[in-house]
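In: please work out how this folds:
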Amino acid sequence: HDVVTKTAITLVLTALTGTLTYLAAAPGLALPAALIGFVISLVIIFRRKVSPALVIAYSLVEGVFLGGISYVFANMFAGALGPGVIVQAVAGTLGVFAAMLVVYKTGAIRVTPKLTKWIIGAIAGVAVLMLVNLLMSFFIDGGLGLRQPTGLGIAFSLLCIGIAAFSFLLDFDAADRALRSGVDARFAWYIAFGL
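Out: Now for the predicted structure:
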């Protein structure tokens, strides 16, 4: 339950700073927040002791980034996608998170070494495809078409959403294994950071 509490705290802080940044119409804060968040995340990952203050700081900065970038996307795509695109994205993300948590907790999908390898391989494959698409975009307008509003682009986006959803299973399994092994209570903050 401690992990749930810590995850809820970090999520609420992220949502709060994200909402405030969005309402303040401060998209210029997105890039600095992304850089600061990246540095904080590296410190959290490579530090030997878990620091609740760093996890909270990361949550706050991540919210600023998400609020700023959401403001940019809302204005960029307001005509094509409507003003509710950000609400739809947040609701979709929370819905996938909740659905995968239910799938994991009910045992409908078990995290096995084979599934773990498949998910990691799929993530690596998507990363390579995105890099190739980026490189090709320097020579061909639209690259390979993976990020274009075409059938291929939509199919690729759905594939990426599916792989991202399955990656939640790895996070849930890592949290479960850590708790079963009797880690220090402060480790709940690290698990919350991961989620």
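In: return the distance of residue 180 relative to residue 98.
Out: 23 Å (Cβ to Cβ, to the nearest Å). For the C-beta atoms, the positions are set from N, CA and C on the backbone; glycine is no exception.
In: which of the two has more neighbours?
Out: residue 98 (11 against 8; other Cβ atoms under 10 Å).
In: right, and residue 173 touches residue 104 too?
Out: Yes. With contact defined as Cβ atoms under 8 Å, residue 173 counts as touching residue 104 (7.3 Å).
In: overlap in contacts of these two?
Out: Both residue 173 and residue 104 are in contact with residue 111, where contact means Cβ atoms under 8 Å, 6 or more residues apart in numbering.
In: in terms of neighbours, single out the busier of these two.
Out: In this view residue 173 and residue 104 are compared by other Cβ under 10 Å, and residue 104 has more residues nearby, 20 against 16.
In: now do the buried residues in the helix or strand where the more buried one lies.
Out: Assessed by DSSP states H and E, residue 104 sits inside helix 85-106. Neighbour counts over helix 85-106 (16 or more other Cβ atoms under 10 Å) mark 85, 86, 97, 100, 103, 104 as buried.
In: which of those lies closest to residue 46?
Out: residue 97 (26.0 Å; Cβ to Cβ).
In: distance-wise, check the closest residue to that closest one other than its chain neighbours relative to residue 102.
Out: Nearest non-adjacent residue to residue 97, counting by Cβ to Cβ, 6 or more residues apart in numbering: residue 168, 6.2 Å away. Taking Cβ to Cβ as the measure, residue 168 falls 11 Å from residue 102.
In: and residue 76, by the same measure?
Out: 34 Å.
In: can you check residue 163 too?
Out: 19 Å.
In: pLDDT-wise, which helix or strand of the protein ranks last?
Out: Least confident helix or strand of the chain, by mean pLDDT, DSSP states H and E, is helix 78-81 with a mean of 66.
In: report the secondary structure state of the residue sitting furthest away from the middle of the chain.
Out: Distance to the chain centre peaks in the chain at residue 139, reaching 30.2 Å (criterion: Cα atoms, centre = their mean). Classification of residue 139 using DSSP: H, G, I helix; E, B strand; the rest coil returns coil.
In: how about it, phi and psi?
Out: phi -110, psi -30 (degrees, to the nearest 10).
In: try residue 43
Out: Torsion angles, degrees, to the nearest 10, at residue 43: phi -60, psi -40.
In: give me the number of residues near residue 123?
Out: 16.
In: quick one: contacts for it?
Out: 163, 167.
In: so what's the gap between the helix or strand harbouring it and the chain middle?
Out: Assessed by DSSP H and E, residue 123 sits inside helix 113-137. Relative to its chain's centre, helix 113-137 lies at 16 Å (Cα atoms, centre = their mean, to the nearest Å).
In: where does residue 15 land on pLDDT?
Out: Looking at residue 15, its pLDDT stands at 92.
In: can you give me the buried ones in the helix or strand containing it?
Out: Secondary-structure assignment from DSSP H and E places residue 15 in helix 2-23. Applying a neighbour-count criterion of 16+ other Cβ under 10 Å, one finds 3, 6-7, 9-11, 13-15, 17-18, 21-22 buried in helix 2-23.
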